[in-house]
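> sequence-free structure coming up:
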């Protein structure tokens, strides 16, 4: 090909490149970049549908830090949810992946069953569990009653309600992380285990010195994704508890929803939303920085 | 203890653990299906029966009588999820292809800019989007449930996924196509799309599910009941007299079944897709 046709081709290709990325770039600017800038601006106003808005400087953030006890309880509840969910979810997912990684008959069946909730609507999942945990007619308390035990009011007890929501959330998503771990486990070369067995290493030692280091990339990625997801929990709270009893299961997104769409306090809601944004941003930056330092065998 | 009996015991323990977890996971499906077949007067029967008696299949028909709009809500959820899924696959694929295979100025810069969108939670942008959509008279329509998910964070995830996939396609393949005179569109459509079937399968089922189970957006945007999607239509089974559990469970079964069937038939491909398309 002559130089002229090559450069013509190159220019044509560049146009195709821009054309092909333009819908996504447009969506990015319209629905993500512009809104995040606007939301930041809103967080310095008292914008509301109820009265004309004005610039209030850092008032919303001051209110959030020093006046709004509900915000701190909400943040605490969110972190409680994450702190409960992460170890249970990752621990169970890893344990199940290790169990299913053996060539035993029936593993395909168990894998399918455990993955099923992932493809079940979270709203339906939460509705049914709410019914299972219902105080009088719920399945669980009926089973307990048949054993002569009077079951507690699971969803109306401030000490029990969050653990219940955590367990329901773990069961919904554990299959996803299990499948990711399973794929990572199957990538570990078998010869490492063979060599370790010849050297007389115990099963636990093999797990600690071979399996764990080999799957750290998956483990780490899953940890961050699950953590970010847990900070954004909403549907199961809205369906199962409505933030209650009282405000004991208020979480960040639920609180933002209440502030913005129940009391129309868009300015303040934006400030709370930005706390969520900064938490996610922080986690993402930490992930980028620690990836290379913590994770062995980065590909 | 001999090694052999030790192995047998560990296999038993292993199965017991798997059975225990599976049983807990199957509980809601059991409760949902049995309740959906109970006579209304037997919903709160104590002591409960393992299986409903009599079995009332009529509950499924009664859902459509008690909620005449149920079919409409079902259709709304379905067509929205289909449009979002098809749109996401198309727009994410052409962008992913461009980022992987077409050389154009500042390609990696644009890609990083787009990727940065993945850390913007949709929950944070919902307030400005709501204000703008309200001003454009788009608030009580399906537009906010279709376009932002397609071209926003969900779409970007798709771009990332498909770019990862297209990078693994050998360059010789698309270079040969180019020398043969194929335009980038022809290369994309004739060569890349058929190759990417597993990646599309994974992206499709997740995108469909995310749209199908979306709760926050319809709660925020939709107020007219004829525009309801299934997740918010479920609340219609509760009124001042309480919840019609037998009907709500029948509706839940109907809302769950299609996706479960698709999953059961395609599960091996789908789960392998998660494992191989860079999700791990």
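Received the coordinates, thanks. What you are looking at is a predicted structure, and each value in this text was computed from that prediction instead of being measured.
> now stretch B:93-108, how far from the centre of its chain.
Remark: stretch B:93-108 is offset 27 Å from the chain centroid, using Cα atoms, centre = their mean, to the nearest Å.
> got the contact list for that stretch?
With contact meaning Cβ atoms under 8 Å, 6 or more residues apart in numbering or on different chains, stretch B:93-108 is reached by A:10, A:13-18, A:20-21, A:23-25, B:110-111, B:114, B:158-167, B:169, B:171, B:174, B:184, B:187-188, B:192-193, B:196, B:200. C-betas here are computed from N, CA, C, even on glycine.
> same thing but 6 Å
Contact with stretch B:93-108 is made by A:13-14, A:16-17, A:20-21, A:24, B:111, B:159, B:162-163, B:166-167, B:174, B:184, B:188, B:192, as judged by Cβ atoms under 6 Å, 6 or more residues apart in numbering or on different chains.
> Can you give me the buried ones in stretch B:85-94?
Judged by neighbour count using 16 or more other Cβ atoms under 10 Å in any protein chain shown, the buried positions of stretch B:85-94 are B:85, B:87, B:88, B:89, B:91, B:92, B:93, B:94.
> Now do that stretch, average pLDDT.
For stretch B:85-94, the mean pLDDT works out to 96.
> Go ahead and flag the most central residue of chain B.
By Cα atoms, centre = their mean, chain B has its centre lying nearest to residue B:209, at 0.9 Å.
> Next SSE downstream of the helix or strand where that residue lies?
Per DSSP states H and E: residue B:209 is located in helix B:197-212. Per DSSP H and E, helix B:197-212 leads on to helix B:216-221 as the next helix or strand towards the C-terminus.
> Beyond that following helix, next helix or strand please.
Helix B:216-221 is succeeded, C-terminally, by helix B:230-233 (DSSP H and E).
> Now that next one: buried residues?
Buried-residue list, helix B:230-233, by 16+ other Cβ under 10 Å: B:230, B:231, B:232, B:233.
> Repeat that for stretch A:156-171.
A:161, A:162, A:164, A:165, A:166, A:167, A:168, A:169, A:170, A:171.
> when you check chain A, which of the buried residues of helix B:230-233 turn up near it?
Applying Cβ under 6 Å from any Cβ of the partner chain, the subset of these adjacent to chain A comprises residue B:231.
> Looking at the buried residues of helix B:230-233, which one is closest to chain A?
Proximity of these to chain A (Cβ to the nearest Cβ) peaks at residue B:231, which lies at 4.1 Å.
> Name the helix or strand for the closest residue in space to that closest one that isn't next to it in sequence, please.
Nearest non-adjacent residue to residue B:231, counting by Cβ to Cβ, 6 or more residues apart in numbering or on different chains: residue A:123, 4.1 Å away. Secondary-structure assignment from DSSP H and E places residue A:123 in helix A:122-132.
> for that helix, the distance to its chain's centre please.
18 Å.
> any residues touching it, and which ones?
Helix A:122-132 is contacted from outside by A:138-140, A:168, A:172, A:235-236, A:239-240, B:28, B:31-32, B:213, B:215, B:231, B:252, B:255-256, using Cβ under 6 Å, 6+ apart.
> same question for the helix or strand just after that helix, mean pLDDT?
Following helix A:122-132 in sequence order, the next helix or strand is helix A:139-146 (DSSP H and E). Averaged across helix A:139-146, pLDDT comes to 91.
> what's the angle between helix A:139-146 and helix A:122-132?
Per axes from the mean of the first three to the mean of the last three Cα atoms, to 10 degrees, the angle that helix A:139-146 makes with helix A:122-132 is 20 degrees.
> Let me know the helix or strand that whatever residue of the stretch 51-200 of chain A ends up closest to chain B is in.
In the stretch 51-200 of chain A, no residue comes nearer to chain B than residue A:183, which is 3.3 Å away by Cβ to the nearest Cβ. Element membership for residue A:183, per DSSP H and E: helix A:161-186.
> on that earlier part again, look at the residue nearest to the centre of chain B and report its pLDDT.
92.
> Next, work out how far apart it and chain A are.
6 Å (Cβ to the nearest Cβ, to the nearest Å).
> ok, now residue B:126?
Here residue B:126 is placed at a distance of 8 Å from chain A (Cβ to the nearest Cβ).
> Skipping adjacent residues, who's closest to that residue in space?
Leaving out its chain neighbours, the residue that sits closest to residue B:126 by Cβ to Cβ, 6+ apart is residue B:220, at 6.3 Å.
> Angles on the backbone of residue A:44, please.
Here is the backbone geometry of residue A:44 (degrees, to the nearest 10): phi -110, psi 20.
> got it, and the one 5 residues further on?
Backbone geometry at residue A:49, expressed as degrees, to the nearest 10, gives phi -80, psi -10.
> In the helix ranked longest in chain A, which residues are buried?
In chain A, taking DSSP state H as the definition, the longest helix is helix A:69-100. Burial within helix A:69-100, assessed by neighbour count using 16+ other Cβ under 10 Å, is assigned to A:71, A:74-75, A:77-78, A:81-82, A:84-86, A:88-90, A:92-94, A:96-100.
> Quick one: list the elements packing against that helix.
Secondary-structure packing of helix A:69-100 (3 or more Cβ pairs under 6 Å, 6 or more residues apart in numbering or on different chains; DSSP states H and E): helix A:161-186, helix A:212-231.
> again, only using 10 Å
For helix A:69-100, the elements it packs on are helix A:107-115, helix A:161-186, helix A:212-231, helix A:235-240, helix A:252-261, helix A:266-294, helix B:3-36, judged by 3 or more Cβ pairs under 10 Å, 6 or more residues apart in numbering or on different chains; DSSP states H and E.
> How about the residue of chain B found nearest chain A, nearest residue that isn't a chain neighbour?
Using Cβ to the nearest Cβ, the closest approach of chain B to chain A is made by residue B:151 at 2.3 Å. Spatial nearest neighbour of residue B:151, excluding adjacent residues (Cβ to Cβ, 6+ apart): residue A:27 at 2.3 Å.
> thinking again about what came up before, any chance of the buried residues of helix B:230-233 in TSV, plus pLDDT and distance to residue B:147?
Converted to TSV, the buried residues of helix B:230-233 look like this (pLDDT from 0 to 100; distance: Cβ to Cβ, whole Å):
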residue	pLDDT	distance to residue B:147
B:230	96	20
B:231	95	19
B:232	95	19
B:233	95	22
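> wait, residue B:10 sits on residue A:98?
No: here residue B:10 does not reach residue A:98: they are 12.0 Å apart, not a contact under Cβ atoms under 10 Å.
> coming back round to it: among the helices and strands packed on helix A:69-100, single out whichever gets nearest to residue B:138.
Closest to residue B:138 of the helices and strands packed on helix A:69-100, according to Cβ to Cβ: helix A:252-261, at 16.2 Å.
> sorry, back to before: what about the helices and strands packed on helix A:69-100, which gets the closest to residue A:5?
Here helix A:266-294 is closest among the helices and strands packed on helix A:69-100 (Cβ to Cβ), at 42.0 Å.
> what's the closest one packed up against?
helix A:34-42, helix A:59-62, helix A:69-100, helix A:212-231, helix A:252-261, helix B:122-135.
> and the ones you listed as TSV, adding mean pLDDT and distance to residue B:53?
Listed next are the helices and strands packed on helix A:266-294 as TSV, based on pLDDT from 0 to 100; distance: least, Cβ to Cβ, whole Å:
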stretch	mean pLDDT	distance to residue B:53
helix A:34-42	95	54
helix A:59-62	94	59
helix A:69-100	96	35
helix A:212-231	89	42
helix A:252-261	95	40
helix B:122-135	92	45
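> Let me have the ones you listed in a markdown table, extended by distance to residue B:179.
Converted to a markdown table, those look like this (distance: least, Cβ to Cβ, whole Å):
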| stretch | distance to residue B:179 |
| --- | --- |
| helix A:34-42 | 42 |
| helix A:59-62 | 59 |
| helix A:69-100 | 46 |
| helix A:212-231 | 38 |
| helix A:252-261 | 52 |
| helix B:122-135 | 43 |
